[in-house]
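Q: Following is a predicted model, sequence given first.
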Amino acid sequence: MSNNKSTPPQGGASDNRAATPMEHLQRLDVAIHVEDLTVSFDNTPVLWDIDMEIPKGVIMAVIGPNGAGKTTMLKSILGLTKPNAGQIFIFGKPAEKQRRLIAYVPQKASVDWDFPISVLDMVLMGTYSNVGWILRPSKASKQRAIDALKQVGMLAFKDKQIGALSGGQKQRIFIARALVQEADIFLMDEPFQGVDLATERAIVEILHDLKERGKTVAVVHHDLQTVREYFNWVFMINVRRIAVGPVNKVFTEENLRLTYGGKSGFVERS
Amino acid sequence: MINAQLEIILIACITAICCSIPGVLLVLRRMTLLGDAISHSVLLGIIIGFFIVNTIDSPILVLSAGIVGLLTVVLVEILAGTKLIKIDAAIGVIYPFLFSVAVILISLFSVQVHVDTDAVLMGELAFAPLNRLEINGVDYGAMSAYQIGGVMLLNIILCFIFYKELKLAIFDPNYAATSGFKPKTVLYGMMLMVSITVVVAFEVAGSIMVVALLVGPAIMASYFTKRLWAMFFLAPIAGVIATLLGYWASHLLTVSIAGSITTTIGLLFMFIFIFAPKTGMIAKAYQRHTMRAEFSVNMLLVHLWQHEVIGDAREENMKGTISTHFNWNGEFTELVLNSAIVRGFLQVSDDNTVQLLPEGREQACRAMEG
């Protein structure tokens, strides 16, 4: 290190200056850092100047009314939507190079369930990002897919065509597909939409299991009653950022009113 | 049977295989109309290619036609992407325009291309063997067999190599993008493949037969399998069967070969649509019928059991009360009762009371648990 003269002095007790923005971004305990993100469709802003960060290892609910930009937020992080402005960093590096660290669970309606593939085929798709172009998934990949199916309680259905499944089962295999990706960050778009209570509990269990393993999870969520129970972090959004932080600090009546414009009908119980 | 006939059959079968493979992808992407559009707009590409090289037998023509085919796709997707106009309307606006520009160019410059309306629509399968591949005076067979055969091999190889990528990009393009695959590139590559297939096939088979071969075999295959890889095998088989039957019919009736094959594809599809095991119309109707009968038996058992528990079985569990209760006619009531009796669920005593047997009670419990 001594022969590299251009290196500035590193860290140390004597270094009391505040971290520069760049150093702050490179902190590894921040999974996702979003800065000045603005997205619009035909000049109608969907996201207005969003600044936020998701610490590593939290399970975060993304809540807000319809049209608040929740899905757009996830899609921007994933690079599926082109923002008008703003930057996104994943584990301190520009998002473009880091997207493989993210597993995405889209909304159920986003795919064609009549497509001629089996449940196992679909879950195997989660391994593709590690397999790369042209090559086929290995035996080990198949085993991972089977393990993931077991984890979501869907192994018995592995040879069924995906269209034969119920709503909750479809959601379970979507999650199984994300699990085999061996990602560090999970972005889920309404995984509880139209599923029965048993499936909801099963999904929550998987979320907590991911948290135990140090993964970071962000979930678009609609049921305000269960936010406290399921999540430890919350991001409240309505085109603008309303609040982000630990559930017990920011999930307040005041913030809910700001998010839903007083129409939430939700009375906070404390 | 003379050699020329065998050659025609061979060329037709190769064309069927060649088209049905990208057809599977087109059907799954729900873009079958684009096949129709490309098969017309490529005419413009052929004319432009002709202006460049001044001959009709150059590979440049295939390339230029392929590019115009792809241009059709790009224009349609740009128009539809504005959300100002729906995709079917976009297709309907783009391809007649490109096709007509080609027609105008042909008449303006009186191009001596053997392109007339009949040839464009129905092709010239009967004349396909006339153009020979000769090297040093040795006849190696019909030129078009090699051309279409080459594209067929290309399609097979590409679908094999990029099987995983095509599957993912068509099924879930967003997920493909986040997994590091480039779905747009893959899908445009696929449409280029469709374009080149159409250009080469269209010269012998004509646009209508090409569209029928793209869509028909893939749809037929979908009645027999729910697996993508199996569709890639079954669709070409369906295409070849239709082609052979169609050729045989054209021979018997001495009518246009392409017309006959295309008609056969339509008829074969209708046959499968009605008679396919499990997925056909009749099989579905039968399944609905048996499911209704099965459900009715369960409903009856639950009803009987309920009244047994309440203790008013004497009044309620009579043959007559049952039919008014469920709004069943006498015939259907008999049918359901008989089916339940045969399976040992209940018995009807002489005074027309219906009594549950232990088996029936168990079945009622199972039915209620779902």
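A: In hand now; what should we look at?
Q: part of a helix, is B:Leu214?
A: Yes. With DSSP: H, G, I helix; E, B strand; the rest coil as the criterion, B:Leu214 is part of a helix.
Q: how near is the residue lying closest to B:Ala177 once chain neighbours are set aside to B:Ile156?
A: Once flanking residues are discounted, B:Ala177 sits nearest to B:Pro183: 5.5 Å by C-beta to C-beta, 6 or more residues apart in numbering or on different chains. Glycine gets a C-beta too; all of them are placed from N, C-alpha and C. According to C-beta to C-beta, to the nearest Å, B:Pro183 stands 22 Å off from B:Ile156.
Q: same check, this time on A:Ser110
A: 31 Å.
Q: So for B:Pro183 and B:Ile156, which residue has more residues nearby?
A: B:Pro183 (21 against 15; other C-beta atoms under 10 Å in any protein chain shown).
Q: helix or strand for the most centrally placed residue in chain A, which one?
A: The centroid of chain A falls nearest to A:Leu187 when counting by C-alpha atoms, centre = their mean (1.9 Å). With secondary structure defined by DSSP states H and E, A:Leu187 is part of strand A:185-189.
Q: What is the following helix or strand past that strand packed up against?
A: Next along the chain after strand A:185-189, taking DSSP H and E as the criterion, comes helix A:197-212. For helix A:197-212, the packing partners by 3 or more C-beta pairs under 8 Å, 6 or more residues apart in numbering or on different chains; DSSP states H and E come out as strand A:59-63, helix A:167-179, strand A:216-220.
Q: Make JSON lines from these and add distance to B:Pro217 and mean neighbour count to it.
A: Formatted as JSON lines, these follow (distance: least, C-beta to C-beta, whole Å; neighbours: other C-beta atoms under 10 Å in any protein chain shown):
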{"stretch": "strand A:59-63", "distance to B:Pro217": "45", "mean neighbour count": "25"}
{"stretch": "helix A:167-179", "distance to B:Pro217": "29", "mean neighbour count": "24"}
{"stretch": "strand A:216-220", "distance to B:Pro217": "41", "mean neighbour count": "25"}
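Q: Which residues are in contact with whichever residue of the stretch 51-200 of chain B sits closest to chain A?
A: Using C-beta to the nearest C-beta, B:Ser179 is the residue of the stretch 51-200 of chain B that sits closest to chain A, at 3.8 Å. By C-beta atoms under 8 Å, 6 or more residues apart in numbering or on different chains, the residues touching B:Ser179 are A:100, A:125, A:128-129, A:181, B:168.
Q: A:Asp36 belongs to a helix, doesn't it?
A: No. Counting by three-state DSSP, A:Asp36 falls outside a helix, being strand.
Q: what's near enough to touch it?
A: Going by C-beta under 8 Å, 6+ apart, A:Asp36 touches A:49-51, A:85-87.
Q: so how far is chain A from B:Asn3?
A: Separation of B:Asn3 from chain A (C-beta to the nearest C-beta, to the nearest Å): 40 Å.
Q: buried sites along the helix or strand harbouring A:Leu149?
A: For A:Leu149, the host element (DSSP H and E) is helix A:139-151. Neighbour counts using 16 or more other C-beta atoms under 10 Å in any protein chain shown place A:141-142, A:144-146, A:148-149, A:151 of helix A:139-151 among the buried residues.
Q: now it, how far from the centre of its chain.
A: 22 Å (C-alpha atoms, centre = their mean, to the nearest Å).
Q: Can you tell me which residue is spatially central in chain B?
A: Note: chain B centre (C-alpha atoms, centre = their mean) maps to B:Ile219, 1.7 Å.
Q: Quick check: buried residues in the host helix or strand of it?
A: Assigned by DSSP H and E, B:Ile219 falls within helix B:183-222. Under the neighbour-count criterion of 16+ other C-beta under 10 Å, helix B:183-222 has B:183, B:186-187, B:189-222 buried.
Q: wait, is A:Val234 part of a strand?
A: Yes. Under three-state DSSP, A:Val234 sits within a strand.
Q: So it sits against A:Phe251, correct?
A: Yes. Using C-beta atoms under 8 Å, A:Val234 makes contact with A:Phe251 at a distance of 5.0 Å.
Q: I'd like to know which helix or strand in the chain has the lowest mean pLDDT.
A: Going with chain A. helix A:21-25 (a mean of 57; mean pLDDT, DSSP states H and E).
Q: You answered for a different chain; I wanted chain B.
A: For chain B, counting by mean pLDDT, DSSP H and E, that's helix B:117-122 with a mean of 59.
Q: next structured bit after that one?
A: Toward the C-terminus from helix B:117-122 - assigned by DSSP H and E - lies strand B:132-135.
Q: List the pairing partners of that following strand within its sheet, with orientation.
A: strand B:138-142 (antiparallel) (DSSP bridges).
Q: For the next helix or strand after the partner strand, which residues meet the burial criterion?
A: The first helix or strand that comes after strand B:138-142 along the chain, using DSSP H and E, is helix B:143-161. Neighbour-count burial for helix B:143-161, with 16+ other C-beta under 10 Å as criterion, is recorded at B:143-145, B:147-149, B:151-152, B:154-155, B:158-159.
Q: List every C-alpha atom in the helix or strand that helix B:143-161 is followed by, with coordinates, as CSV.
A: Downstream of helix B:143-161, the next assigned helix or strand under DSSP H and E is helix B:163-171. Output for helix B:163-171, consisting of C-alpha atoms alone and laid out as CSV, is shown next (Å, rounded to 0.1, in the frame of the first residue of the first chain):
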residue,chain,number,x,y,z
TYR,B,163,-34.5,-23.3,-27.0
LYS,B,164,-34.1,-22.0,-23.5
GLU,B,165,-33.8,-18.4,-24.5
LEU,B,166,-36.8,-18.5,-26.9
LYS,B,167,-38.9,-20.2,-24.2
LEU,B,168,-38.1,-17.7,-21.6
ALA,B,169,-38.3,-14.6,-23.8
ILE,B,170,-41.8,-15.6,-25.1
PHE,B,171,-43.1,-16.8,-21.8
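Q: what about A:Asp42, distance to A:Leu78?
A: 21 Å.
Q: Chain B against chain A: which residues are in contact?
A: Residues of chain B lying close to chain A by C-beta under 8 Å from any C-beta of the partner chain are B:28, B:30, B:161-162, B:164-165, B:167-168, B:170-172, B:174-175, B:177-181, B:222, B:225-228, B:230-231.
Q: Need the buried ones from those residues selected in PyMOL.
A: Burial among the residues of chain B next to chain A is assessed by 16+ other C-beta under 10 Å; the matching PyMOL selection reads:
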select buried, chain B and resi 28+162+164+165+167+168+170+171+172+174+175+177+178+179+181+222+225+226+228+231
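Q: tell me the contacts of the nearest residue to A:Gly86 once chain neighbours are set aside?
A: The shortest distance from A:Gly86 to any non-neighbouring residue, by C-beta to C-beta, 6+ apart, is to A:Leu37 (3.4 Å). Shown in contact with A:Leu37 (C-beta under 8 Å, 6+ apart): A:47, A:49-51, A:73, A:76, A:83, A:85-88.
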